[in-house]
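for reference, the sequence and a predicted model appear below.
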Amino acid sequence: MNRPEREWFRRLPVLMIAVVTWFVVTVSGELIGNQANDTTAGQTLGRYLLLAAIVVAPLFLLGWMALELVERRRRRSPLATDETPPPPRLYSPPVWYRPPELCDREHEVGKATELVLVNGIVAVTGERDVGTSAVGQAITQRLIDDHGVDSRATTRFDLRSRSASAPDDAVTTAGRVVSAFGIAEPDTGDDAVLGRAARELVGVFRASDGTLLLDNVTTPDQVAWLVREWPVTGPHLVIVGETALEELVGHSTIRVDEMSVTDMRELWRVARKAPKPKWYERFRRGHEPDEDVDELLGACLGRPRAVLALAHEVSRTGSTVTVRDLVAELHREGPVTGTLERVWRAVLTNVRAGLSDDAAWLLSALASLPVTGLIKGAIAAMLGVSGDPTALEELRIRNLVEEVDGRYRLPQEYRRAIEGTTSEEERRAVAARALPALLRFYRYFADLWGTRLETEPKDAHRWFEESEPSFRPLYLATYTDDELLATLLDDLSAIADALTRWYLREWMSNAMLVVNSGLHDLAERVGWLDVAALAAIRKATAHRMVLRFGDAVKELDSARTHLEQVPKPQFQSELDARERVERALVAINRGTGLTAARTSLSVLQAQSPAVLINTGVLHLADGLLSEALQYLVRAEKLARDASDHGSLAHSIELQGVVLSHWQIVEAVRYWHRALATFTRIREEQGVARCRQHLGAVALIDERAAGQLLRGTPEPVTRREAAGVAIAYLQHAKTLRVRHNQDTSLVDGYLAQARGRMSAE
Amino acid sequence: MRIETSPHLVLEVVGRELTDGIAVARPVHRRRQYLWGLPAMLLTALLVVPMVWTFGWALDANVPIVGNFRALFMDPAALRAAWHSLVWVAIALALIVFGYCVAVLSQHVGRLWRLLLYVLILPFGVSAVVSGAVFRLIFDPNPERGMVSAILGRGATWLGPDLIWWVLASAFAWSWLGFVVVLFRAGLDSAGGEKFRLGRLRLPKAGPVTAIVVLTVLVAAIRVFDLVLIAAPGSTQDDVVVVGLQWWRMTTRSADTGGPAALAVLLFAVVATLSVTGMRAMRASNRIDPAPVSIADRRVTRWSGPLVGSVGLVWFMPVVVLVMTAFHSPESAGTAGFWRFEGFGLGSFVEAGATWLWPAVAGSFLIAGLATALVLMAAVPFAYLLTWVVPRRVSRVVTGLLAILAVAPVQMYAGPLGAAIAELGFAGARAPLALVHAAAGLPFATLVLRTAFLAAPARNGRPALDLMWRLGPYRSTLIAAGVLEFLLVWNDFIVGFLISGQGASPVALLVWGEGRQFATAAGTVTAAAVVSALVPVTLLLVTWRRVVAGLTGGIEP
């Protein structure tokens, strides 16, 4: 949205009033001074007014600069250095690192390795935190060490969601995994779409005979699409997650049980860096009474993470806490649900006491957020500091946050423990400071990379791919505080603007629907009708992208209802234009209601290349070629003036379509120009369309094929023309498949071209 | 949607989504938006109405319409002034050629270029009155005071009728060369080594910047006034009188309004023609592509050090003269050269400060600050409207008119405006003077801003008006427009002199007032000149890179 500046002191009218006031004060001072030269009052007042005129401007300027500085610091200080970690290398999966030695679990690892070698797949399941991840990694390492799997062909994905409350669904999970291998992300949960992605992924691993380890799987749905397609004969797939996975891979599952007390004691010893006891020492009592340690370990319910956390509390430098203290802490707690939580609460109580104020606040803030896996810059922004946040380092040293690939997450057990030990009001207060800061940070970068999608498409692509999972949970979260939500909505709306641009470019209809549905519901809740209307229009776009025209029209009707109630005329007319454009696009895609759409757009008089392009298309559809060309030429001019390369290429492409009615060779030249621009800005749908046009035209006109093949419109043989057509059409098809777009037209032309090749 | 455009050729056609803000052109909103142009309209009216008045005076004669003009062509003094103005055009052209040569040579001086630039650009921040005073000191015929006479010995009367042109041309060149060189250099760098042919020579192209340089310097040369007034002693002023000065003489020597008005109209016609031609040339050439070429790969020649050193020394010398003279007591500054140590001290500063300097500096601050604020307040929305809201044809016509108004000489509106201000009881007041400055500066600022708005990339339509202050591509231009307006007003002599008289007390005017007793007041004049030059020079040195970028559409020198 083209919203005006929010800060009052930056508004143009305010500055105008300030300047005019200054002028009036000066004039009055001089006038009074001149006119009332003889009277004492006049002279005095005049002099003071003149003094005020001289002083008022620097004072105003200073005040304005101070406000600007405060605002800048509030908004941008933590962003001064771009803390965003470099996005993952495109088409390059995470590198495998040797895991630490496992304490016992030899039986599980050995059995699971056998299973994966026989079945190609194994599921390692167990209750939460019993150590399934460590077992999964040990199995994968065993395959490398003992069975010749190449470590470079081994990849681990941590499938924990960046949402703090819900796991990712199948589409999101599949998107995360396959995109790392250069495979198109599926945009719907259709079995066929997911199956195709899975088969491509299997192909990648089969080629290298590698291992894919999917860790922290929460629901069977997240991996069912892959398990269905994974061949028994290999490569290797290791899935690690909760017991629910057993129903998915029942025949090849290994269950990891809770650790025995003996194993926990050994783990305790290793964690405390105690020497291995000599055989005779086993009969002596150590300085820690065995009963206390046993009692403490008993409370850990066989969870190695809990054992390690307790051991860390006793062993860390400067700690005065003893095993007995911890046991006493455990006993002091009243009745709690889930006995393991008592351990985490005990650890937390102990840890909190030694934390700095900032670190304690950050801990609460991380627990209050709907997203997790934050980068350092985002955390600095929440704390309002620039540079490395020391509070974060404090939490990391004490194992209260985990760092994976430059992202920091608060383990679920601590999150629950914090939620259990703080009141609703406290959590609200923390969220009211943390969330706005976080969203401002995200907004800044979303705006930045959103505008760079055309100028720096590669980097922008990487940034969105890496960051988008962090944004989605923001639109699915339950915000209990309406007042807080109202302060967040502007930022949420701006982030959604940038995301929508990205989704449209990547043709990610599902993600677009999810984000805008969330935004729509949130906006409706707090009564922001303009945002609700905008989100409804974008929902319509998402439906249209997958040809659900009925749903799209319903959303547009809803948007119309909202926008008519928007009080600000400027916003109302902008939304009205968007709604009309989206209706026109529905008509274009459907191929019906074109004349009505044309009439609807013609009243807009909007100076926007996109509006002119759509008006041109509607005229083209009605056979009004010269009018269409006029609109498209104007669109090209406007797009060129505005450096809107996407619209520029699109308008040139459509001019080619108009010209192809009578000047096919000239049309080829136009499509070539459009293709070059689309390629430069990585707008792959445009590339696919232009290649499809060029392939088709090569097939039906030998002069056009000559233009494509040799750069001159000399006719070529029919066989040569078919060869040219196949090259263009094949590429177009690949791109259309990647974006899950209809391929019937390109398939038809390809069949025609191949038929000619085989016939001649 | 599929369309069959030729037999068997079925093509897929899709529309395009709106992803950004759009310019909605609802008539009701459009009308309301025009209100933003109101301040600019009012300021323009302040300029245009007196100009129409002057036209009226020029046409009102015994022989209607042509009478005053015919009398002008019969007046030998006016013809001489016109001839002298033509000499100034020649001086300006020579300066442009010299500046171009320096810019081309500067490409071979490596890192020293930046140092040279600072020395060259420094005088651009100094007012013509100050530079006139400095050159008068340098060329003082008394070898006790004048550096040139001391070096060359008595014999040549530099401020006499034979050599005064050299003094004036040197002072003009000292002020303007930096501007010419900096812009040419930015243009050369962005043209990426393209060449043009001139006879047997193949010279590097400077691109569209050339038109900006030629236009600005020529207009400045034709409008020259204050430099002549202060640098030429009263006895030789007849030998160097120019059209602007002649106009002033005519207004002060006679109550007739027709003659001076006709002279002003003629002057205006010449500069307006130049401006329109220049604008066309600029439009015809392509937009400047801000892709500076690295100078690292150019061969740095051996002679670059000595060359830069000598040019830098020559250009820095007047500054030395000014500052050193200021640091002498009033008595010794009037009698001995700056190189002598007798009377060295802060005496001149103390004397100037005790009487009129500080109120004058405060007054200049007020006038320049207020005028700059008024210009930006009016020009930003005006340029915004011209770029994105007003229909293109109207915008083009208004832009043409602004190009003419931007170069309108003060003489075109000074007469009626001065009379009106005096009538309203504002004679000598600062606020009306700031208002006139704002009106005079508005066309240029609007043109610069509009060019930047057109050149800066904007996706899918216009940005919100409130955001114009903050968006990166426009910021340089806002700074350029603001800084240039502040400098012009701070250093102004002619507008204050012709409209408000000396009562408004801007520093330059007072420096001139004191400078009339040049021999005795050299110390206080130079002290005041140093103080008055500190503000604009500092401002210019801090911002000149942004100013050049703002003027040239993004080329950072």
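Sure, I can see it.

doesn't residue B:3 belong to a helix?
No: assignment of residue B:3 by DSSP: H, G, I helix; E, B strand; the rest coil gives strand, placing it outside any helix.

how many neighbouring residues does residue A:260 have?
11 (other C-beta atoms under 10 Å in any protein chain shown). Every residue, glycine included, has its C-beta placed from N, CA and C.

doesn't residue B:314 belong to a strand?
No: assessed with three-state DSSP, residue B:314 is helix; it does not lie in a strand.

can you report how many residues lie near it?
If we define neighbours as other C-beta under 10 Å, then residue B:314 has 12 of them.

same deal with residue B:280?
Neighbour tally, residue B:280, other C-beta under 10 Å: 13.

do residue B:147 as well
Neighbour number of residue B:147 under other C-beta under 10 Å is 20.

with residue A:562 instead?
Neighbours of residue A:562 (other C-beta under 10 Å): 24.

not counting its neighbours along the chain, what's nearest residue B:499?
Spatial nearest neighbour of residue B:499, excluding adjacent residues (C-beta to C-beta, 6 or more residues apart in numbering or on different chains): residue B:418 at 4.7 Å.

pLDDT score assigned to that neighbour?
If you check residue B:418, the pLDDT there is 85.

for the one 5 residues further on, same thing?
Per-residue confidence (pLDDT) for residue B:423: 85.

and the helices in the stretch 51-200 of chain B?
Ranges of helices within the stretch 51-200 of chain B are B:67-74, B:76-106, B:112-121, B:128-138, B:147-152, B:164-191, based on DSSP state H, counting those that start in this stretch.

out of those, the one nearest chain A is which?
helix B:164-191 (17.7 Å; C-beta to the nearest C-beta).

what is the least confident helix or strand in chain B?
Every helix and strand of chain B was ranked by mean pLDDT, DSSP states H and E. The lowest is helix B:27-33, at a mean of 55.

ok, now which ones touch the residue nearest the centre of chain A?
Centroid-nearest residue in chain A: residue A:468, 0.6 Å away (criterion: C-alpha atoms, centre = their mean). Residue A:468 makes contact with A:499, A:502, A:511, according to C-beta atoms under 8 Å, 6 or more residues apart in numbering or on different chains.

and residue B:341, how many neighbours does it have?
For residue B:341, the neighbour count with other C-beta under 10 Å is 8.

in a strand, it, correct?
No: Residue B:341: not assigned to a strand; according to three-state DSSP it is coil.

quick one, phi psi at residue A:150?
phi -70, psi 130 (degrees, to the nearest 10).

what's the spacing between it and residue B:485?
69 Å (C-beta to C-beta, to the nearest Å).

so those two - more neighbours on which side?
Ranked by neighbour count (other C-beta under 10 Å), residue A:150 and residue B:485 place residue B:485 first, with 26 against 13.

residue B:215 is in contact with residue B:276, isn't it?
No: with contact defined as C-beta atoms under 8 Å, residue B:215 does not reach residue B:276; the gap is 10.0 Å.

between those two, who's got more neighbours?
Legend: neighbour count by other C-beta under 10 Å for residue B:215 and residue B:276, higher for residue B:215 (22 against 15).

point out where the stretch 451-557 of chain B drops to low pLDDT.
Scanning the stretch 451-557 of chain B for pLDDT under 70 picks out B:455-473, B:501-510, B:514-519, B:552-557.

could you pull out the helices for it?
Counting by DSSP H, counting those that start in this stretch, the helices of the stretch 451-557 of chain B are B:472-490, B:494-495, B:507-515, B:518-552.

show me the contacts for residue B:333.
B:325-326, B:343, B:348, B:522-523, B:526.

CSV for the residues you listed, including distance to residue A:370?
Shown next, in CSV, are these (distance: C-beta to C-beta, whole Å):
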residue, distance to residue A:370
B:325, 72
B:326, 67
B:343, 78
B:348, 71
B:522, 75
B:523, 73
B:526, 69
